[in-house]
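> what follows is a predicted protein model with its sequence.
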Amino acid sequence: MIIRDRYAPSPTGLQHIGGIRTALFNYLFARSHARGNESGRFILRLEDTDRTRSEDIYVQNLYDTFNWLGIRWDEGPDTGGEYGPYIQSQRSDLYKKYAQELIGKGQAYYCFCSAERIEEVRKQREAAHSSESGYDRLCRSIDPPEAARRAGSSEPCTIRLKIPLSETTRFHDHLLGDIEWKNDDVNPDPVLLKSDGFPTYHIANVVDDHLMKITHVLRAQEWLASTPLHVIMYRAFGWEPPEFCHLPMVMGQDGKKLSKRHGATSIDEFRKQGYLPAALLNYIALLGASYEEGKEIYTLEELAQRFSLEKLNKAPAVFDYKKLEWYNGQYIRMMNDDELARLCLPYAVEAGLFDEETHTETQRREGKIEGRQPSEKQYEVFLSSMSLIKERLVFLSEAPARITYLFNEPKIPPEEEFIPKKCDLSKTIELLQIGLELVRPMAEAASDEDAENLIKAEAEKRGVKLGDLMMPLRVAITGSRVSPPLFGSLRLLRADRSVERVRRALNSLNG
Ligand code: GLU
């Protein structure tokens, strides 16, 4: 089987979850057929027919996003291919030619109505509470030679498609089955070519899918309403339509279409928060498709091996931010420390982790952060700290805050933070004094296990709870009750610095 499918975004906004899901499914579908004597090609086509809303920054965002995600197309504006150009604004002449072809076939006509007249019709209908909407087909009755003469004499005009009256358009959707659409419910005679000679989305989309030999159109369900019109156009040209598969909607937890109200939707935001591309792709691949019972982690290759249109679900997919976080955590834990450190480094530099001074929120806001690169020694500590935080990290961007105490002196927290349950201040001071003696041997111990044995033995000897002994020590070392593992922290801070922190804490507690 030969599959040619495409992602056909309009560069009028940032790439978001819905678009990436469409792109990914097309990518996987093509890949799933790109083996043996089958063939699968995934194509990128820029649908920039809306000249006022299309912007270069969005084209750049598209390239950056897919680069970051590691998804490549087989044919596209930057890759080239047999069926280019792959940017619609560079194909204007083609659309003109094909619009003319429809006129020649009696399937389209010139319309000379001004925008004002069309608006007037709309208002009159509204006032009369008419159920009719759209264009009133006035110019459909102009004699074609007369219309051609007027168009030829440069009278401003558009070209409209003749929607066959009182018929029903039928087509098959892979997921939704047979679909019937009364032509009365199709926008009456939509414009194909605007008066400036630019095409509308519909004709450009149909002509390109045909000329680029697209076999399958997998697109968001919101385009379903345009499909009858497209099918009518394919028939008007005498072309075979591609197979359609309208993908299930992506909803927020409240059942409404996923939008900014639910949280991040643009891929840029996820990227900044420190999501990993593989985690994001893995999760998005499951939005509206099920693969193997019980298996949740898939590489792109594994997804491509398993993908088929039969695995798509009809029901809308619900976007679960918590689940995506879970995926990210899983992927972080699968990474080795070198890789994780490399990915966390830009966040750490940006947070000023290596500036050697602790930044307050205000300083941060005022841009006092220098964003220094780590020294060799700092990087060594940074790299080693990865194993301390990896188990609990959800986003890369969280890393600097978790390990800042390894690089900057933490503020000494208020007294109550040090005091374990059922203890008082003097007992806490006593515990911390025991801790002080332990810090050096623990920091210098050969392993975490040795360090743990030391403190355990001491707790037993003194008849205190291990937890009670550790808590004030943890607060003194890390500045917080909740922190990465204590033994590893002591090892990275080293004995002198650790001892110093405990002394500082004791001084403060002793008032
Ligand atoms: N340009 C349309 C979009 O922005 C493409 C729809 C389609 O795939 O046919 O989504």
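Looks like it arrived, so ask away.
> figure out how far the longest helix along the chain is from the centre of its chain.
What stands out as the longest helix in the chain, according to DSSP state H, is helix 425-444. In terms of C-alpha atoms, centre = their mean, to the nearest Å, the centre of helix 425-444 is found 48 Å from the chain centre.
> return the residues of the stretch 151-300 of the chain in contact with the ligand.
By the rule C-beta under 6 Å from any ligand atom, the part of the stretch 151-300 of the chain lying against the ligand is Asn205, Arg219, Trp223. For every residue, glycine as well, the C-beta is placed using N, CA and C.
> now Val447: how far from Leu436?
Val isn't right for residue 447; it's Ser. 22 Å (C-beta to C-beta, to the nearest Å).
> more neighbours: these two, which one.
The neighbour count for Ser447 versus Leu436, taken as other C-beta atoms under 10 Å, is higher for Leu436 (18 against 10).
> what's the local residue count around the closest residue to that one other than its chain neighbours?
Leaving out its chain neighbours, the residue that sits closest to Leu436 by C-beta to C-beta, 6 or more residues apart in numbering is Val502, at 4.7 Å. A count of neighbours around Val502, defined by other C-beta under 10 Å, yields 21.
> circling back: name the helices or strands packed onto the longest helix of the chain?
The contact analysis (3 or more C-beta pairs under 8 Å, 6 or more residues apart in numbering; DSSP states H and E) places helix 425-444 against helix 415-418, helix 448-462, helix 466-478, helix 486-493, helix 495-509.
> output these as CSV; include the columns distance to Leu431.
As requested, these are arranged in CSV below (distance: least, C-beta to C-beta, whole Å):
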stretch, distance to Leu431
helix 415-418, 9
helix 448-462, 9
helix 466-478, 5
helix 486-493, 14
helix 495-509, 10
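> columns distance to the ligand and mean pLDDT on top of those helices, output as CSV?
Below are these laid out as CSV (distance: least, C-beta to the nearest ligand atom, whole Å; pLDDT from 0 to 100):
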stretch, distance to the ligand, mean pLDDT
helix 415-418, 53, 96
helix 448-462, 53, 97
helix 466-478, 49, 97
helix 486-493, 49, 97
helix 495-509, 56, 97
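> any idea which of those gets closest to Pro77?
helix 486-493 (48.4 Å; C-beta to C-beta).
> ok, so what distance separates Arg372 from Gly84?
Arg372 is 46 Å from Gly84, where distance means C-beta to C-beta.
> who has more neighbours, those two?
Ranked by neighbour count (other C-beta under 10 Å), Arg372 and Gly84 place Gly84 first, with 16 against 13.
> mind checking the SS state of that one?
Classification of Gly84 using DSSP: H, G, I helix; E, B strand; the rest coil returns coil.
> list the contacts for it?
By C-beta atoms under 8 Å, 6 or more residues apart in numbering, Gly84 lies in contact with Glu75, Pro77.
> how about the nearest residue to Glu370, chain neighbours excluded?
Glu370 sits nearest to Asp355 (C-beta to C-beta, 6+ apart), 4.9 Å away.
> what's the per-residue pLDDT of the one you found here?
The model reports Asp355 with a pLDDT of 91.
> any idea how far the ligand is from it?
44 Å (C-beta to the nearest ligand atom, to the nearest Å).
> show residues contacting stretch 280-290.
Residues outside stretch 280-290 that contact it (C-beta under 8 Å, 6+ apart): 17, 20-21, 24-25, 28, 69-71, 247-248, 250, 267, 270, 291, 296-298, 300, 303, 307, 311-313, 316-317, 319, 323-324, 327-328, 331.
> stretch 98-107 now?
Applying C-beta under 8 Å, 6+ apart, the external contacts of stretch 98-107 come out as 108-110, 144, 148, 159, 161-162, 192-193, 199, 203, 207, 233, 236-238.
> please redo it, this time with the cut-off set to 6 Å
For stretch 98-107, the external contacting residues (C-beta atoms under 6 Å, 6 or more residues apart in numbering) are Ala108, Ile159, Lys162, Leu192, Leu193, Val207, Ala236.
> buried stuff in it?
Tyr98, Ala99, Leu102, Ile103, Gln107 (16 or more other C-beta atoms under 10 Å).
> inside helices: which ones of those residues?
Using DSSP H, the subset of those located in helices is Tyr98, Ala99, Leu102, Ile103.
> which single one of the contacts of stretch 98-107 is nearest to Glu458?
Val207 (80.1 Å).
> quick one: the strands in the stretch 101-250 of the chain?
Along the stretch 101-250 of the chain, counting by DSSP state E, counting those that start in this stretch, strands occupy 108-111, 158-161, 168-173, 177-182, 191-193, 216-220, 243-247, 250-251.
> now these as TSV including mean pLDDT and distance to Lys257?
As requested, the strands of the stretch 101-250 of the chain are exported to TSV (pLDDT from 0 to 100; distance: least, C-beta to C-beta, whole Å):
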stretch	mean pLDDT	distance to Lys257
strand 108-111	98	34
strand 158-161	98	29
strand 168-173	97	19
strand 177-182	96	21
strand 191-193	97	27
strand 216-220	97	10
strand 243-247	98	13
strand 250-251	94	6
